[in-house]
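1. Show me the folded form of this:
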Amino acid sequence: MGILNVTPDSFYAGSRSNSEKEILSRVEKMISDGLDILDLGGQSTRPGANYISSEEEFNRVLPVLVALRKEFPSLTISIDTFYSEVAAACLREGAHWINDVSGGRMDSKLWSVVAEAQCTYVLMHSRGDSSNMKELANYENVVEEVHEYFKIEIEKLNHLGISKIVLDLGFGFAKNKDHNFELLQNLNRFKSFGLPLLVGVSRKKMIQQTLDTKAEESLNGTTALNAFALDRGADILRVHDVLEAKQTVKLYRALTFRS
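-> Residues are numbered from 1 along each chain as shown. Model (predicted):
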């Protein structure tokens with residue numbers, strides 16, 4: 001899953017795109033590098049970011065989606081949003097997935113939109129919002145508490161008729177560095193749900209803090225953690241750098257298929 005942000009303030013500048021020409025060129029390169037799913041977002045959800053309105057997000061994302069559907073009609077597109085209005089409009093325009101960092105907490109109507117569309121839904125664990133998630137990074141046992149969260153929320157989603165669910169542990173969302181590494185180390189614990197696991201650690205703080213690097217210098221660390229995530233059961237890697245992630249997957253498969 002390649003990341004495309006149509007935002008001015010995402011934490012990694014290399015993921016941001018503005019003009020339609022730049023966007024189409026970037027996505028074309030991602031596809032040639034081995035992209036499977038494009039995750040399109042119009043809002044930064046990094047800690048400390050200010051959320052924009054659903055109207056502003058709509059105005060950022062929808063024209064880009066329309067252009068992408070025209071240029072790359074067979075491309076699987078995920079919309080990174082927690083707004084029901086944005087999700088509904090994008091699904092009508094041909095989006096395939098909804099990637100919701102809030103787990104349905106930010107907009108109570110979102111799950112109804114997903115249920116009606118019967119689309120794939122990425123359920124992520126998080127607490128609070130961008131303004132207070134750091135203060136909410138407190139757990140007695142982060143692995144078991146996140147596992148229990150998924151157990152409860154999956155039941156709610158299934159009750160609404162939503163079954164095409166992907167799980168995202170929410171690395172960096174209301175978790176400190178130690179929480180992130182503990183979750184990654186125990187990723188296979190979450191295979192018990194029988195659902196695909198999405199891992200998004202690309203260029204994140206857990207890498208920067210450990211290696212004393214900036215986001216721009218964190219590709220090598222990302223590759224290392226992605227390889228470990230695959231070995232722990234990751235099914236989808238959400239990344240800024242598609243080519244390097246694809247190469248990691250190919251090497252991992254070559255290794256495991258020989259064992």
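2. any idea how far residue 90 is from residue 241?
-> From residue 90 over to residue 241 the distance is 25 Å, taken as CB to CB, to the nearest Å. Using the backbone N, CA and C atoms, a C-beta is placed for each residue, glycine as well.
3. Who has more neighbours out of the two?
-> residue 90 (30 against 23; other CB atoms under 10 Å).
4. Tell me how far the more buried one lies from residue 113.
-> Distance from residue 90 to residue 113, counting by CB to CB: 10 Å.
5. list residues touching both of these two?
-> Shared contacts of residue 90 and residue 113, defined by CB atoms under 8 Å, 6 or more residues apart in numbering, comprise residue 98.
6. quick one: the helices in the stretch 51-200 of the chain?
-> Using DSSP state H, counting those that start in this stretch, the helices of the stretch 51-200 of the chain run over 54-71, 84-92, 110-117, 142-159, 177-185.
7. mind putting those helices in TSV, distance to residue 78 and mean pLDDT included?
-> Below are the helices of the stretch 51-200 of the chain laid out as TSV (distance: least, CB to CB, whole Å; pLDDT from 0 to 100):
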stretch	distance to residue 78	mean pLDDT
helix 54-71	11	95
helix 84-92	10	98
helix 110-117	12	98
helix 142-159	17	98
helix 177-185	22	98
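8. Return the most buried member of those helices.
-> helix 84-92 (a mean of 21; mean count of other CB atoms under 10 Å).
9. Would you mind confirming that residue 89 is in contact with residue 62?
-> Yes. Using CB atoms under 8 Å, residue 89 is in contact with residue 62, at 5.9 Å.
10. sorry, back to before: now distance to residue 250 too, for the helices of the stretch 51-200 of the chain, in a markdown table please.
-> What follows is the helices of the stretch 51-200 of the chain, written out as a markdown table (distance: least, CB to CB, whole Å):
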| stretch | distance to residue 250 |
| --- | --- |
| helix 54-71 | 26 |
| helix 84-92 | 31 |
| helix 110-117 | 32 |
| helix 142-159 | 29 |
| helix 177-185 | 21 |
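11. Can you check which of the ones you listed gets nearest to residue 167?
-> helix 142-159 (5.9 Å; CB to CB).
12. Could I get the full set of strands for the chain?
-> Listed in chain order, the strands found in the chain under DSSP state E are 2-5, 37-41, 76-80, 97-100, 120-124, 165-168, 197-199, 236-237.
13. Could you dump those strands into a markdown table and include distance to residue 152 and mean pLDDT?
-> Listed next are the strands of the chain as a markdown table, based on distance: least, CB to CB, whole Å; pLDDT from 0 to 100:
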| stretch | distance to residue 152 | mean pLDDT |
| --- | --- | --- |
| strand 2-5 | 28 | 95 |
| strand 37-41 | 25 | 97 |
| strand 76-80 | 23 | 98 |
| strand 97-100 | 16 | 98 |
| strand 120-124 | 11 | 98 |
| strand 165-168 | 13 | 98 |
| strand 197-199 | 18 | 98 |
| strand 236-237 | 22 | 98 |
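14. With mean neighbour count and distance to residue 156 as added columns, please give the ones you listed in a markdown table.
-> Shown next, in a markdown table, are those (neighbours: other CB atoms under 10 Å; distance: least, CB to CB, whole Å):
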| stretch | mean neighbour count | distance to residue 156 |
| --- | --- | --- |
| strand 2-5 | 25 | 28 |
| strand 37-41 | 23 | 24 |
| strand 76-80 | 23 | 21 |
| strand 97-100 | 26 | 13 |
| strand 120-124 | 24 | 10 |
| strand 165-168 | 21 | 11 |
| strand 197-199 | 23 | 19 |
| strand 236-237 | 22 | 22 |
